[in-house]
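Q: 3D model of this:
(chains A and B)
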Amino acid sequence: MFAVLIDQFWSLTIAGIALGFIYVLISLGYTMVYGVLRMINFANSEIFMWGTFGTVITSRDIFHYTQTSEPAKGAKLVLVLVTSLLMSMLVAGLTAVFVEFVAYRRLRMKGTNRLATLISAIGISIALQEIMRLLTHSRPVGAPRILEKIILTEVWGANIRLDTVITIIAAALIFFILERFIKLSRMGKAIRAVSMNEDAAKLMGVNLNRVITTTFLVGGLATGAAGFFYITVFEYTKFNIGFTMGMAAFTAAVLGGIGNIRGAFFGGLSLGLLEVYASAVLGTQWKAVTVFIVLVLVLLFKPNGLFGEAVQTTRA
Amino acid sequence: MNKKIQRSLAVASAATLIFGVSAVSSAGAAQKTVYLAFQAPLTGPNALTGQDELTGAKFALSEYNATNPTVKVELVLADDQGDPTVAGSLAPGIASNKTIIGLIGPAYSGATQASLPAYKAGGLAMISMSATRVSLTDKKAPVNGFPIFKRVVANDKFQGPALVRYATKGVTSPKVYLVDDISAYGAGLADYAKKTITAAMSAGKDSVPVNTSDYTSVVAKVKASGANVVIYCGYAPDAAKFVKALRDGGYTGVFASGDGTLKADFPVNAGKAAAEGARLTAADVPFENLATAAQMVAYTKLTGIKVPGTYVTSTYNATNIFLTCIKQGSITRPGIQNCITNGTFKGIAGDTIKFDRYGDIIGGAAVGAFTIKDGKIVYGGVA
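A: Okay, here's the model as predicted:
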């Protein structure tokens, strides 16, 4: 039973970390919005899905790569990858801001209760998914291979592949930048101020609407970056991939303590590793079961997640 | 909520369709027009299957109408979205419309099972082109289709062993790793495949839910098991991700899969390199391999499609069985039922079609074998 785990431990670990970082970035989208609005942004999974299409459109329609073309090399490779990343972040960021305007702001202005925005968020997520379904004729979309999956080196019998290395390094970097932004920048401080006490922040002259829009934007950018890494590693997307990935990332956010950015980081990584190990040891059909058993156990002993909910303590 | 709206819309549109049809038929009863229902997913996520199949039915009908028959035949489209719930609420409407004398379909097994009670009560003969669930024609099953259900497609009982046979063909000392997607289709096919895999041949088994993104751990297991044949029982989108992960992980053996994977999308999404050499079986043989050149020209002219999709052959055959019976003068439900049960028919390849008591073709429908060459699905005979 454990033979596979022992035999393939390092390949599994590296794959788990790469998957974990994708979860980290998506769960930032959930956790940031929750930190500020105390509401789950149910449309985040679809923002992620739209983000994946940002990369596909860039490589397929802007740079005209096809399923049969050779992977890019040298400067062209860097150009295509960076453009794809920015495009995914842009698409997801704009989608997130759009979601905020349509599903949140108007209702907030009218002073409706929180449940109303919860429903409108679910509504817009269905709309986003259906629009993409119609645009893609319900078909899965394979992304052309831009980055050749070269095996860089072998460490303890595990192949270290270029795409996983890039995913781990770049995702960690993006996470670090966003974390610094929230911790140090003026806007970041305003976000944290609103998160701690909305009324007091308003009295101090913080522009609430701008803070909320920025929060959605930053969450969207992180989620979009996750979309790019997802395509780079798995080279596949479909109108309904948001659900499974969103569910996993949401679980990661809760595991780490929703509203807490560091919690999203450790929650995402542990979830990625847990999923990969559980599928290797117990069989892939037991993956979700294991993950949720662990989640229940963690919440049983630490109801606010591993790092605590950020109600009073959003300190990035 | 979304699904519910879709469902109620589908039901509403089907109802309009049926009532519309009955109005038309009472006006034109003197011209002797009979109706055949065509039930398949025509909208929704599974629409592709139904739309592909529909071209086969339309083409068979156009050939029939070109002979200026005394009885005119028209299709009534019933869109069940491949969803048992939709099918269950749609079937009573069709069953109660007495101008409909036969039903081509349903396309999906779950939808078939949900529709059966209404059609049995209405005595409506049905010939499915793609419902492969074994229990539908199993006399011991609690819900089978006897006596009205027939099918012109090989069920999974035939396809499972054929898949193993084809996957291990030419492989010296094959070690088979079997993976299914836990769907009713995938797990079912895997069960029948498993029965033909001997203990010495078996390298292991795993189940990966539909829509999984990350196949790393399955790849790790395949590699650790030393398998040289991987058989995947599931659908094309997941098969594409899986074969890609296998090849990227360094697996060099055979990759084989069943009719769920036999979609033009599969080599496209998997990429040329990863899909190359994949072995696929289908409960159907491609239409273009059986149709004459003249038929292909006419087909393309009628439908605008150059390469027919899956199950066009079986739909064409199913439709022609009804048309043969109508030509012979069976234009009532009992008449059609009697004709189909006792008659002997010809398939497009000149093959003889005669149904056994429980609705399968005697001797089993052919299981086609395919490989992927240069990103294209190439037919390679019968598996």
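
Q: Show me the shaky parts of the stretch 1-150 of chain A.
A: Where the stretch 1-150 of chain A drops to pLDDT under 70, the residues are A:1.

Q: Kindly report the residues of it close to chain B.
A: Of all the residues in the stretch 1-150 of chain A, those in contact range of chain B (CB under 8 Å from any CB of the partner chain) are A:3-4, A:7-8, A:11-12, A:15-16, A:19, A:67-68, A:126, A:130, A:133, A:137-142, A:144-145, A:149. No exception for glycine: its C-beta is placed from N, CA and C like everyone else's.

Q: Of the residues you listed, which belong to helices?
A: Assignment to helices by DSSP state H places the following of the residues of the stretch 1-150 of chain A next to chain B there: A:3-4, A:7, A:11-12, A:15-16, A:19, A:126, A:130, A:133.

Q: would you list these in JSON lines and tack on neighbour count?
A: Formatted as JSON lines, these follow (neighbours: other CB atoms under 10 Å in any protein chain shown):
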{"residue": "A:A3", "neighbour count": "12"}
{"residue": "A:V4", "neighbour count": "22"}
{"residue": "A:D7", "neighbour count": "17"}
{"residue": "A:S11", "neighbour count": "27"}
{"residue": "A:L12", "neighbour count": "24"}
{"residue": "A:A15", "neighbour count": "28"}
{"residue": "A:G16", "neighbour count": "25"}
{"residue": "A:L19", "neighbour count": "28"}
{"residue": "A:I126", "neighbour count": "17"}
{"residue": "A:E130", "neighbour count": "14"}
{"residue": "A:R133", "neighbour count": "16"}
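
Q: between those, which is nearest A:L25?
A: Distance to A:L25 across those (CB to CB) is lowest for A:L19, with 11.3 Å.

Q: residue ranges of the strands in the chain, please?
A: This is for chain A. Secondary structure of chain A (DSSP state E): strands located at A:141-142, A:151-155, A:158-161, A:236-237.

Q: Hmm, no, I was thinking of chain B.
A: Ranges of strands within chain B are B:33-40, B:72-79, B:100-104, B:125-128, B:149-151, B:176-180, B:202-207, B:229-233, B:254-257, B:279-282, B:345-346, B:352-353, B:368-373, B:376-382, based on DSSP E.

Q: what sits up against the last one?
A: Where contact means CB atoms under 8 Å, 6 or more residues apart in numbering or on different chains, the residues beyond strand B:376-382 that reach it are B:262, B:264, B:266-267, B:280, B:285-286, B:289, B:366-372.

Q: from those, which is closest to chain A?
A: Proximity of the contacts of strand B:376-382 to chain A was ranked by CB to the nearest CB; the top entry is B:P267 with 8.2 Å.

Q: these two touch, right, that closest one and B:A273?
A: No: under the contact definition of CB atoms under 8 Å, B:P267 does not touch B:A273, with a separation of 10.3 Å.

Q: Which of these two has more residues huddled nearby?
A: Each of B:P267 and B:A273 had its neighbours counted (other CB atoms under 10 Å in any protein chain shown), and the higher figure belongs to B:P267 (27 against 14).

Q: Check what pLDDT the residue nearest to that one when sequence neighbours are not counted gets.
A: By the measure of CB to CB, 6 or more residues apart in numbering or on different chains, the closest residue to B:P267 outside its immediate chain neighbours is B:A275, 4.1 Å from it. Reading off the confidence values, B:A275 has pLDDT 90.

Q: what do you get for A:I182?
A: Here, the pLDDT recorded for A:I182 equals 89.

Q: what's near enough to touch it?
A: For A:I182, the residues meeting the contact criterion (CB under 8 Å, 6+ apart) are A:32, A:188, A:191-192, A:218, A:261, A:316.

Q: May I see these organised as JSON lines, with distance to B:L302 and neighbour count added?
A: Rendered in JSON lines, the data for the contacts of A:I182 read as follows (distance: CB to CB, whole Å; neighbours: other CB atoms under 10 Å in any protein chain shown):
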{"residue": "A:M32", "distance to B:L302": "55", "neighbour count": "31"}
{"residue": "A:G188", "distance to B:L302": "63", "neighbour count": "20"}
{"residue": "A:I191", "distance to B:L302": "61", "neighbour count": "25"}
{"residue": "A:R192", "distance to B:L302": "65", "neighbour count": "21"}
{"residue": "A:V218", "distance to B:L302": "54", "neighbour count": "22"}
{"residue": "A:I261", "distance to B:L302": "60", "neighbour count": "27"}
{"residue": "A:A316", "distance to B:L302": "64", "neighbour count": "19"}
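
Q: so can I have CSV of those showing distance to B:A199?
A: What follows is the contacts of A:I182, written out as CSV (distance: CB to CB, whole Å):
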residue, distance to B:A199
A:M32, 54
A:G188, 62
A:I191, 61
A:R192, 62
A:V218, 56
A:I261, 52
A:A316, 57
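
Q: Just name the closest of those residues to chain B, please.
A: A:M32 (23.1 Å).

Q: Confirm for me that the closest one is in contact with A:G219.
A: Yes: using CB under 8 Å, A:M32 is in contact with A:G219, at 4.2 Å.

Q: Now do stretch B:63-75, average pLDDT.
A: Confidence for stretch B:63-75, expressed as mean pLDDT, is 92.

Q: For that stretch, what is the distance to the chain centroid?
A: Computed by CA atoms, centre = their mean, to the nearest Å, the separation of stretch B:63-75 from the middle of its chain amounts to 25 Å.

Q: Other residues contacting that stretch?
A: Contacts to stretch B:63-75, defined as CB under 8 Å, 6+ apart, come from residues B:31-38, B:57-58, B:61, B:104, B:298, B:320, B:322-323, B:326-327, B:331.

Q: ranges for the helices of the stretch 101-250 of chain B?
A: Per DSSP state H, counting those that start in this stretch, the stretch 101-250 of chain B has helices spanning B:109-122, B:156-167, B:184-194, B:216-225, B:236-248. These are given in chain order.

Q: quick check: angle from the last one to helix B:216-225?
A: Helix B:236-248 and helix B:216-225 meet at an angle of 50 degrees, taking axes from the mean of the first three to the mean of the last three CA atoms, to 10 degrees as the criterion.

Q: Out of the contacts of strand B:376-382, give me the one that has the most neighbours.
A: B:L280 (31 neighbours).

Q: re the thing from before, now the strands of chain A in a markdown table, with mean neighbour count?
A: As requested, those are arranged in a markdown table below (neighbours: other CB under 10 Å):
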| stretch | mean neighbour count |
| --- | --- |
| strand A:141-142 | 25 |
| strand A:151-155 | 11 |
| strand A:158-161 | 18 |
| strand A:236-237 | 25 |
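
Q: Could you work out the most separated pair of the contacts of strand B:376-382?
A: It's B:P267 and B:A366 that sit farthest apart of the contacts of strand B:376-382, by CB to CB, at 22.7 Å.
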